[in-house]
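Peer 1: Structure for the following, please:
(2 chains)
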There are 2 protein chains.
Amino acid sequence: MKHVLLGAFLTCVPVSLLADPLPSWNATAAKEAILEFVSSVTDAEGPYYVTPSDRIAVFDNDGTLWAEQPVYFQFIFAMDRLSELAEQDPSILSTPVLKAAAEGDLATVLQGGHDALIEVVNASHSGTTVEAFQAQVAEWLAEARHPDTGLPYDQMTYQPMVELLRYLRDEGFKTYIVSGGGIHFMRVFAEQAYGIPPEQVLGTYGNSTFENVNGVPTVIKAPGIAFIDDKEGKPINIERTIGKRPILAGGNSDGDFAMLDWTTSGNGPRLGVLIHHTDAEREWAYDRESPIGRLVDGLDQGPDKGWIIVDMAKDWSRVYTGGN
Amino acid sequence: MKHVLLGAFLTCVPVSLLADPLPSWNATAAKEAILEFVSSVTDAEGPYYVTPSDRIAVFDNDGTLWAEQPVYFQFIFAMDRLSELAEQDPSILSTPVLKAAAEGDLATVLQGGHDALIEVVNASHSGTTVEAFQAQVAEWLAEARHPDTGLPYDQMTYQPMVELLRYLRDEGFKTYIVSGGGIHFMRVFAEQAYGIPPEQVLGTYGNSTFENVNGVPTVIKAPGIAFIDDKEGKPINIERTIGKRPILAGGNSDGDFAMLDWTTSGNGPRLGVLIHHTDAEREWAYDRESPIGRLVDGLDQGPDKGWIIVDMAKDWSRVYTGGN
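Peer 2: Got it, this is the predicted structure:
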């Protein structure tokens, strides 16, 4: 009987009291600030207590929860997919950008900037049911390997961030992704990789149509982007979908600035976290000049706003869930 | 010690085993079908078991969870608000529809159809922060009374449906509103009235802008409708926001047909529920000819699709949470 009661008791003890909840974070100021924030908002007797239903934490995905070099992984999928589609019907490669993308000529595509990226995504992501599209993504994730690391893309998630997400949930937070990436793409792996279910994955989405397919009413991915979940789109999407201002936001680029600024401008305790890519050895080092994940405003204004700037090289003892 | 253990045990017993979970439903076929469906999808040993994370239940609001006559309650708020705004600035009543609305001349407005409704909502719902708008709604709900019943509008929620929502949640379902009504309007009362938190309220929404207001980044309600959550918009919005096909959908008008059709076309056990307004004595009786809550396709095709058609007069022993 004693053992039964002890067991029942132990399941009620927060994990944080039993072991370090963030083992892949070095014992630096960044880790300390995170632990202190979480401790303060969960202390029911303290002045900064936040009721569990208001413990909303939002995170960008590309460059924040997983890597994003040499280009967003969804874009690598788009190029691979376009290449496959062109084998069946070469006429779909109707522009120089689409031709370059299908050949894997990333440098040429990137010269076309944001418009070129959208053109390629558009051509490769529509005209299927959501289910068929997600089956393609799942197959690609199982087979494709990153050109530099040789890892499956979903093992290039950041172990310290996976730990942070779990820790926050253990402390009563609800964790969301709010990403420029596509919702249908991310939902294929977000639950397994991050413990974040489909309804907590916010992102960019295309147009949809509702059609009768062989007698079954079905949602179809149609051409055209309906909403871009980047910059000001992030707070607008959060407000629209979650209906509350978060108390914690994490990002890594200026596309996340508005989200962090909105989050940390609320009353009461708030935390903004920016992942600074400083680790050329284990990952990549980039910020102000990078076409992917450009970070200027966050570095210039973040510290004055009280945001934690995470130095990957110094603050993380491990990077990838699938590596070191 | 015995009592402590007994107490711990009792908190684990589903409410449904202890008492009738739907006391305001008469013992008719509709109630039986609902109980049977819930029992089958929660029976872990049975052939129709559905894992809790897939127990998604979606409900229309107007005419399904609360009344909608003589016109959607949000529209009565819009007319009252327009009237207030016109006291400060009469020039905003720039069209005959807006003038009629501000005078409470509902008949004239309704002659303008759907476009007139949107014109009035547009003129009365934009140009404020979300917080300020919701404070107006809260104040209105506290003071306004329904012209026929004399009840506060948020006491004209349907007691049988409030019980159904609670019952579903007790049985591991996640309950959502998916309504043609506005998200910012509904979120003011949905949590208290239905136990549905803001992030589970889907609906129509207007454009938003992200602006700096006195140094604080703020989401502003801008003119124009961004998304209408009606007809095909409902399954599209559910797919986009929740990312799963629900297993239970409830509605009352042809605006809910696509949502019920999509829900009940999925594999495995599914339930569609249509509330048929048959009770001229306690509520209103309307269907095929009504400008508000028109129900034709659902009555014609619903029974063949296996949907439950709830006969309010016969199936409900009580109607309003605030009345009989």
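
Peer 1: ok, A:M79 - contacts?
Peer 2: A:M79 sits next to A:101-102, A:104, A:106, A:109, A:120, A:124 when contact means CB atoms under 8 Å, 6 or more residues apart in numbering or on different chains. C-beta here means a position set from N, CA and C on the backbone, and glycine is covered the same way.

Peer 1: at 6 Å instead, please
Peer 2: Contacts for A:M79 (CB atoms under 6 Å, 6 or more residues apart in numbering or on different chains) come out as A:101, A:104.

Peer 1: tell me which residues of the helix or strand it falls within are tucked away?
Peer 2: A:M79 belongs to helix A:73-88 when elements are defined using DSSP states H and E. Neighbour-count burial for helix A:73-88 flags A:73-82, A:85-86 (criterion: 16 or more other CB atoms under 10 Å in any protein chain shown).

Peer 1: Stretch A:267-278 too?
Peer 2: Going by neighbour count (16+ other CB under 10 Å), the buried part of stretch A:267-278 is A:269-278.

Peer 1: Please give me every residue in contact with the closest residue to chain B within the stretch 51-200 of chain A.
Peer 2: Ranking the residues of the stretch 51-200 of chain A by distance to chain B (CB to the nearest CB) places A:P198 first, at 3.0 Å. Listed by CB under 6 Å, 6+ apart, the contact set of A:P198 reads A:187, B:243-244.

Peer 1: I'd like to know which of these are buried.
Peer 2: A:187, B:243-244.

Peer 1: export those to TSV and tack on secondary structure and pLDDT?
Peer 2: Formatted as TSV, those follow (DSSP: H, G, I helix; E, B strand; the rest coil; pLDDT from 0 to 100):
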residue	secondary structure	pLDDT
A:R187	coil	98
B:G243	coil	98
B:K244	coil	96
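
Peer 1: shouldn't A:S124 be in contact with A:A78?
Peer 2: Yes. Judged on CB atoms under 6 Å, A:S124 makes contact with A:A78 at a distance of 4.4 Å.

Peer 1: Test for you: state the pLDDT assigned to A:G181.
Peer 2: With respect to pLDDT, A:G181 scores 96.

Peer 1: Out of the buried residues of helix A:73-88, name the two that are farthest from one another.
Peer 2: Of all pairs drawn from the buried residues of helix A:73-88, the greatest distance, 20.4 Å, lies between A:F73 and A:A86 (CB to CB).

Peer 1: what sits against the spatially most central residue of chain A?
Peer 2: Per CA atoms, centre = their mean, the C-alpha nearest to the average position across chain A is that of A:N61, at 1.2 Å. By CB under 6 Å, 6+ apart, the contact list for A:N61 reads A:177, A:179, A:181.

Peer 1: Kindly recompute the last result at 7 Å.
Peer 2: By CB atoms under 7 Å, 6 or more residues apart in numbering or on different chains, the contact list for A:N61 reads A:177, A:179, A:181, A:186.

Peer 1: could you say which helix or strand contains the second one?
Peer 2: Secondary structure assignment for A:S179, by DSSP H and E: strand A:174-182.

Peer 1: Report the mean per-residue pLDDT for the host helix or strand of A:E32.
Peer 2: Per DSSP H and E: A:E32 is located in helix A:29-42. In this model, helix A:29-42 carries a mean pLDDT of 98.

Peer 1: Name the residues that touch the helix or strand just after that helix?
Peer 2: Using DSSP H and E, the helix or strand that follows helix A:29-42 in sequence is strand A:56-59. For strand A:56-59, contacts defined as CB under 7 Å, 6+ apart pick out A:65, A:168, A:173-178, A:238, A:242, A:244, A:246-250, A:259.
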